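Q: Next one to model:
(one chain, ligands or ions: 2)
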Amino acid sequence: MPPPAEEFAVDDLDEFESRLDSFLNRFHADDLRRILLPDPDGKLHFPLVIDFAELLEFNPEVAHQLYDYPKDVLELFDAAAQRALDKFDAAARRADKTLDSQRKAGDETMEKKFVHVRVNTSGSALECPEASPSIGKVRVKHRGTLLTLKGTVIRSGGVKMIEGERKYQCRKCKCRFTVHPELEAGNRITLPASCKSKSAKGCGGANFQLIEDSITCHDYQEIKIQENIQLLGVGSIPRSMPIILMDDLVDIVKAGDDVVVTGRLSAKWSPDIKDVRSNLDPMLIANFVRRTNELKSDLDIPVEIINKFEEFWAASRATPLKGRNSILKGICPQIYGLFTVKLAVALTLIGGVQHVDASGTKVRGEPHMLLVGDPGTGKSQFLKFAAKLSNRSVITTGLGSTSAGLTVTAVKDGGEWMLEAGALVLADGGLCCIDEFDSMREHDRTTIHEAMEQQTISIAKAGLVTTLNTRTTVFGATNPKGQYDPNESLSVNTTLSGPLLSRFDIVLVLLDTKNKKWDKIVSSHILAENTEEKKGKTSDPEVMWTLSMLRRYIHYVKQHFKPVLTKEAERVISSYYQRQRQSGTRNAAHARLMFRNDVTKLDAIAAILCIESSMTTSAIVDTAGNALHSNFTENPDQECILKCDSIAYLSKNIKYLTDEISN
Ligand SMILES: Nc1ncnc2c1ncn2[C@@H]1O[C@H](COP(=O)(O)OP(=O)(O)OP(=O)(O)O)[C@@H](O)[C@H]1O
Ligand SMILES: [Zn+2]
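A: Ligands and ions are numbered 1, 2, ... in the order given. Here you go, the predicted structure:
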């Protein structure tokens, strides 16, 4: 497509406007009539959403003009929508005299003075990289065109009011016209060089008078969106873009929301700072905003993959735990053993089913997990692998990777206060991996409680009051403070407060007991892993549970299984959880992991063993000692039957459970 001429120009403006009229009448008559209905909350600005694909099919030339000159064509489109509204309104008043008298009585709610044509580009030719580049790829060539950008809202400013268009009258020919301020130039008004009268010869007047009370004020909000980290290569910096929202677009998105914004790429001068060169900072003046949160963690899974899952479990029917363990072995394969950790990671990522308990309290479905371990015990490997397994994840440290830290903070941006989303808000609907968890700032230590339990953060700072969603699973890792002392509590060993530790559903302690035998096994495992890679041996085709299969499996079982407790599982769980009154999160997760919709006694036992190993430093999953040395057993199904029989295997302080399970 040849580059567009500088200025928008059409041979016959009336003819161009009539094409806009016919498009709106043909495709949006009902929408326009709906806008005319009485509006109880007395909104002033009404969106009229049009499909770019539909316009392109109806009139390609108008669609191209809209792409090249969005500012001019959208002003004409709004005027066309207003004309259509007035026409429908006049027809309605002729048909209904009461309506007419209401109007004459000046019933304001019926007056619709501001309608804005909003362009939805989804499913249209504008979804190409040229018209929908990633934020980091926006360049000068995109300036002035209709652009669509995707990203996560990281900052949102307060809603303000600005003066918008106003009407002028030519002193010579008395014609009236509207002038729109230049947002880019600090909202400055530039009058036309000569009169804009439509008469062919034009009157040539250059002297204009502002018409009293003709200034239109607009609601105005600035937000900042950042490209989705998930879509970037490792190590690239996520770029961000300021977005200007006006009228019905203000306050419809919050920090942490995933959005698709269509608008006109513009630029504004950076603030004047002494000895600092002024730049033109790109900004997008939004025409249409779509929240894509519900698609946030969407992943399409082909049918043949689902068939593979079903075949796998059909083949594992006789040895379900062996099947489960082969899935677990796919988690962090470069890490040898650590069975308990891999089981806990799987249960944490799969999560439970959010529900309301008997007392009416909402019990969150997102579990939280904390690894407390000596250096070199594989914690960071698990965090990184877990982040790759989740299709919406943020990896950060306790200090947080932006000034917003883990939760949310108020920052001054261009002289204006804005809320900046921290890691937990950006990970809403997904997984937030926090390494060096104990290095968290004081400010985050207080807000993180609400964020992890209520899964929201309410904030009232610098006049900005809002509640942000943090429906995220937290996977934390931290070193013990100095040498881990098994005789001391976890909070003494980690300097994390008891209430904060109690936010975690499972806490595993990995103690490097300098076990020579263990170190030998680990080092030979690391060597073996590397030599295979060195030989250039591709990953073993018979290995089903690759990273991408695991990702899809976890996503699939989360979407498709809402496990409910069977009677026998309920008995086991209630007798165990009697005192802790914890949610049934883990056992539901275990049922999902086992590709089932009912939580059986086996799931209950697996969940209990997992939890039990989190409360003590020695895992009770096997005799080897702490969770670091928990290993996969050869024949887990056989093992489980033995365990259930020789139930004394469980620690004595859950005697009542013994009777429960063994009968
Ligand atoms: N069980 C294991 N099997 C294989 N490799 C292991 C095992 N445990 C640790 N390692 C290796 O030790 C190295 C350190 O792992 P990692 O960085 O995850 O430890 P960490 O617990 O995060 O340490 P730090 O607390 O200092 O961050 C990694 O290269 C990892 O592969
Ligand atoms: Zn004139």
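Q: and residue 47, helix, strand or coil?
A: At residue 47 the chain is in strand, as set by DSSP: H, G, I helix; E, B strand; the rest coil.
Q: Could you count how many residues lie near it?
A: As a burial measure, residue 47 scores 18 neighbours (other Cβ atoms under 10 Å). C-beta here means a position set from N, CA and C on the backbone, and glycine is covered the same way.
Q: Do you know the pLDDT at it?
A: Here the pLDDT value assigned to residue 47 is 94.
Q: Just give the nearest non-adjacent residue to residue 173, would you?
A: Leaving aside its chain neighbours, residue 173 sits nearest to residue 203 (3.8 Å; criterion: Cβ to Cβ, 6 or more residues apart in numbering).
Q: okay but that neighbour is in contact with residue 192, surely?
A: No: counting by Cβ atoms under 8 Å, residue 203 sits too far from residue 192 to count as a contact (11.9 Å).
Q: which of those two has more neighbours?
A: Remark: of residue 203 and residue 192, residue 203 carries more neighbours, 16 against 12, as counted by other Cβ under 10 Å.
Q: ok, that one to residue 175 distance?
A: From residue 203 across to residue 175, the span is 7 Å (Cβ to Cβ, to the nearest Å).
Q: Pull up the overlap in contacts between the two.
A: 195, 197 (Cβ atoms under 8 Å, 6 or more residues apart in numbering).
Q: Who are the contact partners of the residue nearest to residue 173?
A: Residue 203 touches 170, 172-173, 175, 195, 197, counting by Cβ under 8 Å, 6+ apart.
Q: please redo it, this time with the cut-off set to 7 Å
A: Neighbouring residues of residue 203 by Cβ atoms under 7 Å, 6 or more residues apart in numbering: 170, 172-173, 195, 197.
Q: how much space between residue 377 and ligand 2?
A: Residue 377 is 81 Å from ligand 2, where distance means Cβ to the ion, to the nearest Å.
Q: Residue 341 versus that residue, what's the distance?
A: Counting by Cβ to Cβ, the gap from residue 377 to residue 341 is 9 Å.
Q: who's more crowded, the two?
A: More crowded of residue 377 and residue 341, by other Cβ under 10 Å: residue 341, with 29 against 24.
Q: Run the chain-centre distance for the longest helix seen in the chain.
A: Secondary structure of the chain read by DSSP state H shows that its longest helix is helix 70-95. Centre-to-centre, helix 70-95 and its host chain are 37 Å apart (Cα atoms, centre = their mean, to the nearest Å).
Q: again, but for stretch 64-81
A: The chain centre lies 31 Å from the centre of stretch 64-81; the measure is Cα atoms, centre = their mean.
Q: coming back round to it: what's the per-residue pLDDT of the residue nearest to residue 173 here?
A: 82.
Q: In three-state terms, label it for me.
A: Assignment for residue 203 (three-state DSSP): coil.
Q: can you count the residues close to the residue of the stretch 401-550 of the chain found nearest ligand 2?
A: As assessed by Cβ to the ion, ligand 2 sits closest to residue 414 within the stretch 401-550 of the chain, at 38.6 Å. A count of neighbours around residue 414, defined by other Cβ under 10 Å, yields 12.
Q: I'd say it and residue 272 touch.
A: No: counting by Cβ atoms under 7 Å, residue 272 is not a contact partner of residue 414; they are 11.4 Å apart.
Q: Which neighbours do these two have in common?
A: Taking Cβ under 7 Å, 6+ apart as the contact rule, residue 414 and residue 272 touch no residue in common.
Q: what packs against the helix or strand harbouring residue 64?
A: Assessed by DSSP states H and E, residue 64 sits inside helix 60-68. Helix 60-68 is packed against helix 52-58, with contacts defined by 3 or more Cβ pairs under 7 Å, 6 or more residues apart in numbering; DSSP states H and E.
Q: who's the closest residue to ligand 2 within the stretch 251-400 of the chain bridged to?
A: Closest to ligand 2 within the stretch 251-400 of the chain is residue 264: 28.7 Å, counting by Cβ to the ion. Beta-bridge partners of residue 264, counted by DSSP bridges, are residue 146, residue 285.
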